[in-house]
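1. Sequence plus predicted model, see below.
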Amino acid sequence: MAIRRLFVANRGEIAVRVVRAAQALGITAVQAHSDADKEMLAVRLADEAICIGPAQAAKSYLNVDALITAAKEANCDAVHPGYGFLSENADFAEAVEQAGMIFVGPSSETIRRMGDKAAARAAAQEAGVPVVPGSKGVIESAEAALAAAKEIGYPVMIKAAAGGGGRGIRIADNAEELGKLAPQARAEAQAAFGDGSFYLERALKTPRHIEVQILGDGTRAVHCFERECSLQRRRQKVWEEAPAACLTSEVRAELCRSAVALAESVAYRGAGTLEYLYDETTGEFFFIEMNTRIQVEHPVTEMVTGIDLVAEMIKVAGGEPLSMHQEDIQLDGHAIEVRVNAEDPANNFMPFPGVIGKLEIPDIPGLRFDTMLYEGYAIPPFYDSLLGKLIVHGADRKAALAALSKALQLISIGDVKTTLPLHKALAADPAVQAGQFHTQFLEPWLETRTLTADQEV
Amino acid sequence: MADIRSPIPGTFYRRPSPEEAPYKNEGDDVAVGDVIGLVEVMKSFIEVKAEVAGKIKKFVVENEEPVAAGAVLAELED
């Protein structure tokens, strides 16, 4: 069944992206919006728009019943969830399926399975994908801990089975430390949670975050190489690149091969991402979780492969087989994406909703700006702060960095504070230029600096 | 007679979390620096503090209502 009318159940820049992709495929785009989003760019661009409720996301973009009712009322035959909101909600996907519409993404069953961390880890292991080494189940004694740790490899993380939210975690660098810490952790867990059992996992202190983009049609899957997203603040990515400069071609091939094996083993349909931690010192990678949706940082992959991931996910959702084979997908150059948020980096990243003044987007070869902005647009305070994504492409990483610096010098978003000064400072940083960073890099880096509005590039 | 205004646009909350009691009720005394509520702006929660002392006469904005920057949240009496 080909898709004729697509309901876009999201907002912001990804809604703009989906509306444009649908229209390019000859599909009518019906844009959902809350009371606070009547003036958003996706509403202006879409063929039709429909209000789904009040400003609060819980009563609009997160309201399954309101969305399904609106999509049916608009006679849509498919729903694109974007990212965030209900994009990885198996109940929503199931409600869409039960209403007789196509969910642009994997089946609700796949979303449910991969959304459960333990089930996803088991699926990965079955497909031969390495996961972070850990003990098999809980450990009852200090002796058993020593034996398990020997197998897992130091440093190890001691995690209370009953703990959560980062509580009840200790790291031991060697057997001596484990001998001391395991009884302590046990006693503490007993006191705090009434259960002293714990388990062990390899501790990765400064891993890099690498993820592989895959596409599947429910039978066959391909990879579109990997991205590196190690620069993060409060676990939010701020800067992403493709490919990952830290990987050798051998490691890259093995990583991507394993991602395809996992995607095919779960009969994956749509665009998806497998997230890994990469230990640069040992060259090992470990699967951590799968995102069963399009991601914010998908453009860097599109820039280095020439594939339109959103168009492809819509086509396979409509029942078409994948339009390419693995050998058709080649890496071309290097791409970098920076997230432009309505936040003041000089004031602890305080959100800064406001009205957009003069907008100047540079016209540079290889530059792409995915955004929801237009001059005079009032940014609502009710949703996340992402305004757009500045993406550059160059023949290699050095050329991409040069293009990024130039773009950052020339871009101007009037009358609001944005995270552009952060990106200027990062682009000018020697460690970033040398590609020497990891997931624990950015926050300490920020603590030693004061960013100003007129940050030098 | 003074007002407590929202420093930013967003959604006003009178409680630290749905399970907890309101920071302040009508008729309560407030000292300078007392938190009277939160404004959620772009997924961040900003505390709203009293800049003058007084007694809360009434809340002008309901719990979970959208507010504009500078909007009066509560009226105080001396």
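-> Alright, I've got the coordinates.
2. Up against chain A, what does chain B have?
-> B:8-11, B:41-44, B:46, B:64, B:66 (CB under 8 Å from any CB of the partner chain). In this view, the C-beta of every residue, glycine as well, is placed from N, C-alpha and C.
3. what's A:Phe225 in contact with, if anything?
-> A:212-213, A:242-243, A:252, A:256, A:301, A:304-305, A:329, A:331 (CB atoms under 8 Å, 6 or more residues apart in numbering or on different chains).
4. Restricted to strands, list those.
-> Residues of those located in strands (DSSP state E): A:212-213, A:242.
5. From these, pick the one nearest A:Ala122.
-> A:Val212 (18.9 Å; CB to CB).
6. Is it correct that the closest one is in contact with A:Tyr278?
-> No - checked against CB atoms under 8 Å, the pair A:Val212 and A:Tyr278 is beyond contact range at 11.2 Å.
7. Have a look at those two and say which one is more surrounded.
-> A:Val212 (28 against 25; other CB atoms under 10 Å in any protein chain shown).
8. A:Arg121 versus that one, what's the distance?
-> Distance, A:Val212 to A:Arg121, by CB to CB, to the nearest Å: 16 Å.
9. A:Leu178 now?
-> Here the criterion is CB to CB. By it, A:Leu178 lies 23 Å from A:Arg121.
10. Over to A:Tyr377?
-> In terms of CB to CB, A:Tyr377 sits 43 Å off from A:Arg121.
11. Report the outermost residue of chain A with respect to its centre.
-> Distance from the C-alpha centroid of chain A peaks at A:Glu143, with 39.8 Å (CA atoms, centre = their mean).
12. Then it would be within a strand, right?
-> No - assignment of A:Glu143 by DSSP: H, G, I helix; E, B strand; the rest coil gives helix, placing it outside any strand.
13. Retrieve the pLDDT associated with it.
-> If you check A:Glu143, the pLDDT there is 87.
14. now swap in A:Glu188 and tell me
-> 81.
15. What's the local residue count around it?
-> That count, for A:Glu188 with other CB under 10 Å as the rule, works out to 19.
16. wait, isn't it in contact with A:Ala160?
-> Yes - under the criterion of CB under 8 Å, A:Glu188 makes contact with A:Ala160 at 7.4 Å.
17. For chain A, give me its nearest residue in chain B.
-> Nearest residue of chain B to chain A (CB to the nearest CB) works out as B:Met42 at 3.8 Å.
18. Excluding chain neighbours, give the residue nearest to that residue in space.
-> Nearest non-adjacent residue to B:Met42, counting by CB to CB, 6 or more residues apart in numbering or on different chains: A:Pro351, 3.8 Å away.
19. Hmm, B:Val41 and that neighbour touching each other?
-> Yes - if you go by CB under 8 Å, A:Pro351 and B:Val41 touch, sitting 4.6 Å apart.
20. For those two, list the residues in contact with both.
-> Shared contacts of A:Pro351 and B:Val41, counting by CB under 8 Å, 6+ apart, come down to A:381, B:8.
21. can you give me how far stretch A:226-242 is from the chain middle?
-> Chain-centre distance of stretch A:226-242: 8 Å, with CA atoms, centre = their mean, to the nearest Å.
22. Would you state the strands of the stretch 201-350 of chain A in chain order?
-> A:208-217, A:221-233, A:236-242, A:269-279, A:284-291, A:334-341, A:343-344, A:350-351 (DSSP state E, counting those that start in this stretch).
23. Now render those strands as JSON lines, adding mean pLDDT.
-> What follows is the strands of the stretch 201-350 of chain A, written out as JSON lines (pLDDT from 0 to 100):
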{"stretch": "strand A:208-217", "mean pLDDT": "98"}
{"stretch": "strand A:221-233", "mean pLDDT": "97"}
{"stretch": "strand A:236-242", "mean pLDDT": "97"}
{"stretch": "strand A:269-279", "mean pLDDT": "97"}
{"stretch": "strand A:284-291", "mean pLDDT": "94"}
{"stretch": "strand A:334-341", "mean pLDDT": "98"}
{"stretch": "strand A:343-344", "mean pLDDT": "96"}
{"stretch": "strand A:350-351", "mean pLDDT": "94"}
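24. Nearest to A:Gly366, out of those?
-> Nearest of those (CB to CB): strand A:334-341, 8.3 Å.
25. Can you mark which positions in that closest one are buried?
-> A:334-341 (16 or more other CB atoms under 10 Å in any protein chain shown).
26. Where does chain A get nearest to chain B, which residue?
-> Counting by CB to the nearest CB, chain A gets nearest chain B through A:Pro351, at 3.8 Å.
27. Dig out what that residue forms beta bridges with.
-> Taking DSSP bridges as the rule, A:Pro351 bridges to A:Glu343.
28. Next to chain B, which bits of chain A? Give me the list.
-> A:36, A:55-56, A:342-343, A:350-351, A:353, A:381-385.
29. residues touching B:Ser6, list them.
-> Here B:Ser6 is in contact with B:12, B:39, B:48, B:61, B:67-71, B:73 (criterion: CB under 8 Å, 6+ apart).
30. Present these as a markdown table; the columns should include pLDDT, neighbour count and secondary structure.
-> Shown next, in a markdown table, are the contacts of B:Ser6 (pLDDT from 0 to 100; neighbours: other CB atoms under 10 Å in any protein chain shown; DSSP: H, G, I helix; E, B strand; the rest coil):
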| residue | pLDDT | neighbour count | secondary structure |
| --- | --- | --- | --- |
| B:Phe12 | 96 | 23 | strand |
| B:Val39 | 95 | 24 | strand |
| B:Val48 | 95 | 23 | strand |
| B:Val61 | 94 | 18 | coil |
| B:Val67 | 93 | 24 | strand |
| B:Ala68 | 91 | 11 | coil |
| B:Ala69 | 90 | 15 | coil |
| B:Gly70 | 93 | 11 | coil |
| B:Ala71 | 94 | 17 | coil |
| B:Leu73 | 96 | 20 | strand |
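31. Quick check: the closest residue to A:Val16 other than its chain neighbours vs A:Met372, distance?
-> The shortest distance from A:Val16 to any non-neighbouring residue, by CB to CB, 6+ apart, is to A:Ala42 (4.8 Å). According to CB to CB, A:Ala42 stands 7 Å off from A:Met372.
32. what does A:Lys205 give?
-> From A:Lys205 to A:Met372 the distance is 37 Å (CB to CB).
33. since we're on A:Ala431, how many residues are nearby?
-> Residues near A:Ala431, counting by other CB under 10 Å: 11.
34. Please, which helix or strand holds it?
-> According to DSSP states H and E, A:Ala431 maps onto helix A:430-433.
35. Quick one: distance of that helix to the chain centre.
-> 23 Å.
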